[in-house]
Structure formats: structure tokens, C-alpha cells
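**Q** let me see the structure of the following:
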Amino acid sequence: MGILSRRHLIAGMATTALASMPVWAQEPAKPAASRQPNLLVIHCDQLNFRTLGCYRALMPKDQAFVWGDGVAVATPNIDSLAKNGALCDKFYAASPVCTPSRASFVSGRYPQNTGAIQNDLPLDGDIVTFAGVLRRRGYATGYAGKWHLDGAAKPGWTPKRQFGFTDNTYMFNRGHWKKLEDTQAGPKVSSGDMARKSDAKSFTTDFLADKAVGFIRRHKDKPFCYMVAFPDPHTPRTVRSPYDAMFDRLKFQEPRTAARNGADMPYWGTTLNGRFDHAAEYFGMVKCIDDNVGKILAELKAAGLLHRTIVVFTADHGDMCGEHGRNAKSIPLEASAKIPFLICAPGLIKPGTVVSSVLANTDFKPTILELMGAPADNKDEGRNAAALFLSGKEPDGWKDIVFPRIGSDKSGWMGAFTGRYKLVVSPVGEPCLLDLQTDPDELTNLFLKPEYRKTVRELGLALQEYGRRFKDPLADNPAVRADLRWAVSDENTPYARAKRTTEESGGGSGAGE
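**A** Predicted structure coming up:
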């Protein structure tokens, strides 16, 4: 698929572009590759891609404004990264839940091969992260914010295992704290941990952004790699003033998918009765993040580093935010599994680029190392997609497919996603094929439709190969094996439901961190 036209993106962002121009205006025309480029990663938790203006600009109106006509939050600073760099329109979480997604992002491996296949499991000690590679090349490295890869510790400040992030004073393992503070003994969750008691210095998003600014100031004279991981807009949906009331005037409506029952959908795709509660505050959290992205970008410019710093903005997974009557994540529907991914690299990536090839955060490590001229890690399982950003062309041998998954060998699901189709199989639910072109609301299971038999076979073969090659435990489940055998079989083979040994309600509810 490659690169889409940039005209649609830039035109759709016109209303917010002016707000972002002062940061990027009059930047020296020096490429990020003029010497060892810096890397700044801004990472969010449970961010719905529809809340970002640059993503809404690529969608038809009914998809862009699912919570009501014109109900949106302006994100000019985040949008400026797309305007001046690249936006990935089909970027998926390797596993749409916190720990395994983060594990894939930093390691370049599939979740089942990181030691952190589910929440609160520690990352294997032999993992070399992208920061580890860059540290060995002389980079100053650091991390602030939620880590969630050191086991059950909560909050778990400054983990002993740094995984290449040398300055990890402000790294905490898990939790969604709203107010942080510095003490003589180190950082801590502030007493009365409540958004309404915090301010522009102590509210967690502001606090962590300030740490990123401080790191940039301390290391502006040498190459650096820094990752700041905001725990918002994950629940609890609370935010400090004035963001807490900024969107009260909006008239939020329930997404239309919340009132429609899907046809033959498995357990993870059925419509529930959940509501997008505290929607205005969710928007407020996103706006607070955007303002702090602006603060960080302004610091890069003030330090003369904007033109030679690669800036990445992304998230670990999405949030259903009321779509299909659901909230949170852990399911293969777009609002849960698709995540924003923006990358700005002046002089390397053409401004306004839109990448429509299918990517996952497993691909991040090998891709970013190639873009930075760093050596590849032969243990990476993700794909090097640098050519998509540099030339707009898919590399030789490219297969435009990704394999998100969640759960163990007895519950959860695994899928093969292309730009148009999703084939999803599970030990505890019916197999499902979705066609995003004809059914963007993801309401109809096409798995048994004769006209989709060829597509089911092709994706089934790809999913079998993925399971074998990357040792996904779900591929060994008897029910999954049976469904995939039928998927790749002759078109005259009758389908018989494999016996399920686990309750249909299994496979993850989206709860947790």
C-alpha cells in the first residue's frame, strides 16, 4: 500500500496547523542524520486514535466524530509531528494491553517471547532494548513515567534493571497516579493523590514532561535517547484544572455502534451496554498531553535540537471509549488495537507523509535503529520498515500483515491483520473475519461467507506460519488448530465448530493496567 497522498492530511489539519507553526518555523535546514540524531519517544497509555486531529483528518466524518458532530479535542502540537513528519494510518499494538505491548515496543519481539506475555510479568533479563543499543553507541539515555515491565511492584520507582535507560530515576513500574512530587529521598506519589489537588507542576503529565525538559537541557551537547511515558489518558478519568472543565460544553453522544448488535460476532465483538463516562475529562487528559508535547518541542527548539532530533509519539493500546458499548481495551476491534504512531525526523522523512502499510509496535525497534544508523539486533522479530518512511516504498519481500494477539494457550485471541481484513481465532470464541472496507464499524462476521473463502484461506495460512515461526502458545490450542485447519482447507470442506473447553466469557475483559 505504501504512501497515501499528503494533500488530504495537510488540508484536514489546516485549522490547527497555525497553532503549531511557531515551534517549527525558521528551523535550520539540517537533517536529523547530519550527525548521530537524538531520539525522543513520547508514549501514552490507552489513547484512542480518534482523539487526535491528524487521524480525524484522514477519516470520513462519520468515523472521525463518533461521539457527536464536531465533538473533538484540538491537538495542534501532536498534529505538528504529522505535518512535519509521518503518520502511520494502520499501526497496531502487538497486544492491546499494557505490559505485553510495552514489551514488544522496547524489545522488537513478539509478546510471547519477551517473558512479559501478560500484565505484571517482568521483561526477560536478556532483552536488549533500543535504548540499550544506543547506550552502547555513546548515547545518554533516560526514561520517565510508567514502565510496567518489572513485575508486580507498585509504584516501584527506579527499577534496578534499567534495560539501557541509564537515567531512570523517574521511571515507576505501574499505577496511574495523578500527583507526583520530588523529595530528598527521591520521587514519590504525592499525598492526597488526586487530580483536583494537583497543579501544573505536580500533575503527573506535567511533572513527567518537566523531567523530559530537564533531561534535554542536561544532555543537549551530546546524542541522547529519552522516553517519557505518560500514564494518561488511562483511567481514572480525572485531570487537573483547567482541563477538568474545558470540554464540559460539548454534547457527547453515544457512538452509533453502541446501539447496534453485530451479526454473528464472537464474544469480544458483541455490543455491550457500557457508556463513555467522564468523556469530557478524557478529552481534558488528551489536551493536557498535547500542551505538554508542545512544551517539550519548544525546549528542543530553544536548545537548537529540533532539526536533529527524531521525535516519536505513540501509545501502548487504545480505548473503546463507548464504541460497541465497551470501554478500555484487550480486544481486536480498531479502537482497542489500533494505536497512533507519528514520527518526525527533519531531513530524513518528508513532511506530511502518510504510511498506509500495516505495522505493529514489534516493528519499532528494528525500524528506529535503521533510521538512526545503528546496528540491527539479530534477535529482533519485528520488521525493518525504514524504507517506508525514507522512500515511500515497501522493502523487498515485504508482507503487508501483522499478528496482534493476547492471552495464554487457553484464552485470548490471535489475529492476522492486513490493511483491509482481520482474521481472528480464539480458544473461547468463534473465528471471525472482518472487512474494514465494507464494514468500518466492525459489526459483521464474514468468516463463513463463501465469497470470502479465498481471503480466509490466505490469512489462515499466514496465521499458521506466524504461530509456528514465533511460537505463539495460542497456535497449539486444539480449538485454534481446528479452526485454522478448516480455514486453509478445500472450499468444499464443511465447517464444524471445534469443542470449546473454556467458558465463552474468557479471553480478557479489558480490565487492569
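
**Q** hmm, D483 is touching P431, no?
**A** Yes: if you go by C-beta atoms under 8 Å, D483 and P431 touch, sitting 4.6 Å apart. Just so you know, the C-beta spots here come from the backbone N, C-alpha and C atoms, and that holds for glycine as well.

**Q** these two: which is more packed in?
**A** More crowded of D483 and P431, by other C-beta atoms under 10 Å: P431, with 26 against 22.

**Q** any stretches of the stretch 1-150 of the chain with poor pLDDT?
**A** The stretch 1-150 of the chain contains residues with pLDDT under 70 at 1-22, 24-35.

**Q** oops, could you answer that again for the chain instead?
**A** Along the chain, segments meeting pLDDT under 70 span 1-22, 24-35, 498-512.

**Q** how about V488, nearest residue that isn't a chain neighbour?
**A** Computed as C-beta to C-beta, 6 or more residues apart in numbering, the closest residue to V488 that is not its neighbour in sequence is G460, at 4.4 Å.

**Q** sorry, wrong one. I was asking about R405.
**A** Closest to R405 by C-beta to C-beta, 6+ apart is M414, at 3.8 Å.

**Q** how much space separates the residue lying closest to W157 once chain neighbours are set aside from H278?
**A** Excluding the flanking residues, the one nearest W157 by C-beta to C-beta, 6+ apart is F172, at 5.1 Å. From F172 over to H278 the distance is 24 Å, taken as C-beta to C-beta, to the nearest Å.

**Q** please identify which of the two sits among more neighbours.
**A** Set side by side, F172 and H278 show more neighbours around F172, with 29 against 17, by other C-beta under 10 Å.

**Q** before we move on, the earlier item: need the overlap of contacts for D483 and P431.
**A** V425 (C-beta atoms under 8 Å, 6 or more residues apart in numbering).

**Q** hang on, the earlier thing: contacting residues around the residue nearest to W157?
**A** F172 is in contact with 145-147, 155-158, 187, counting by C-beta under 8 Å, 6+ apart.

**Q** cool, S198 as well?
**A** Taking C-beta under 8 Å, 6+ apart, we find S198 in contact with 178-179, 190, 204, 240.

**Q** buried subset of those?
**A** With neighbours counted by 16 or more other C-beta atoms under 10 Å, these contain buried members at 178-179, 190, 204, 240.

**Q** return the member of those nearest to A487.
**A** When the buried ones among the contacts of S198 are ranked by distance to A487 (C-beta to C-beta), T204 comes first, at 44.9 Å.

**Q** didn't the closest one look like it was pressed against P187?
**A** No: T204 is not in contact with P187 according to C-beta under 8 Å; the separation is 10.8 Å.

**Q** go through whichever helix or strand F215 is part of and flag the buried ones.
**A** Following DSSP states H and E, one finds F215 within helix 204-218. By 16+ other C-beta under 10 Å, the buried positions in helix 204-218 come out as 204-213, 215-216.

**Q** show me how the protein divides into domains.
**A** 3-14+34-177+205-390, 405-487 (automatic domain parsing).

**Q** tell me the most buried of the ones you listed?
**A** Mean neighbour count, computed with mean count of other C-beta atoms under 10 Å, is highest for domain 3-14+34-177+205-390 among the domains of the chain, reaching a mean of 21.

**Q** so how far is it from its chain's centroid?
**A** Distance, stretch centre to chain centre, for domain 3-14+34-177+205-390: 5 Å (C-alpha atoms, centre = their mean, to the nearest Å).

**Q** ditto for stretch 192-206
**A** 25 Å.

**Q** for that stretch, list the C-alpha coordinates in CSV.
**A** Taking C-alpha atoms only, stretch 192-206 is exported to CSV below (Å, rounded to 0.1, in the frame of the first residue of the first chain):
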residue,chain,number,x,y,z
GLY,A,192,-3.7,13.1,48.5
ASP,A,193,-3.1,11.6,45.1
MET,A,194,-5.9,13.4,43.3
ALA,A,195,-6.1,15.4,40.1
ARG,A,196,-8.1,18.2,41.7
LYS,A,197,-5.3,18.7,44.3
SER,A,198,-2.6,18.9,41.7
ASP,A,199,-1.3,21.8,39.6
ALA,A,200,0.9,22.5,36.5
LYS,A,201,3.9,21.3,38.4
SER,A,202,2.6,18.3,40.3
PHE,A,203,0.0,16.8,38.0
THR,A,204,1.6,13.6,36.6
THR,A,205,1.6,14.6,32.9
ASP,A,206,3.1,18.0,33.6
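
**Q** list the buried residues for it?
**A** For stretch 192-206, a neighbour-count test (16+ other C-beta under 10 Å) marks 193, 195, 198, 200, 202-206 as buried.

**Q** need those in a markdown table (columns: distance to T271).
**A** Shown next, in a markdown table, are the buried residues of stretch 192-206 (distance: C-beta to C-beta, whole Å):
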| residue | distance to T271 |
| --- | --- |
| D193 | 35 |
| A195 | 31 |
| S198 | 36 |
| A200 | 40 |
| S202 | 40 |
| F203 | 35 |
| T204 | 33 |
| T205 | 32 |
| D206 | 37 |
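
**Q** which single one of the residues you listed is nearest to A385?
**A** For the buried residues of stretch 192-206, the residue nearest A385 by C-beta to C-beta is T205; the value is 29.3 Å.

**Q** right, and the closest one touches P233 too?
**A** No: counting by C-beta under 8 Å, T205 does not reach P233; the two are 9.2 Å apart.

**Q** now do the shared contacts for these two.
**A** What both T205 and P233 touch, as defined by C-beta under 8 Å, 6+ apart, is the set 285, 289.
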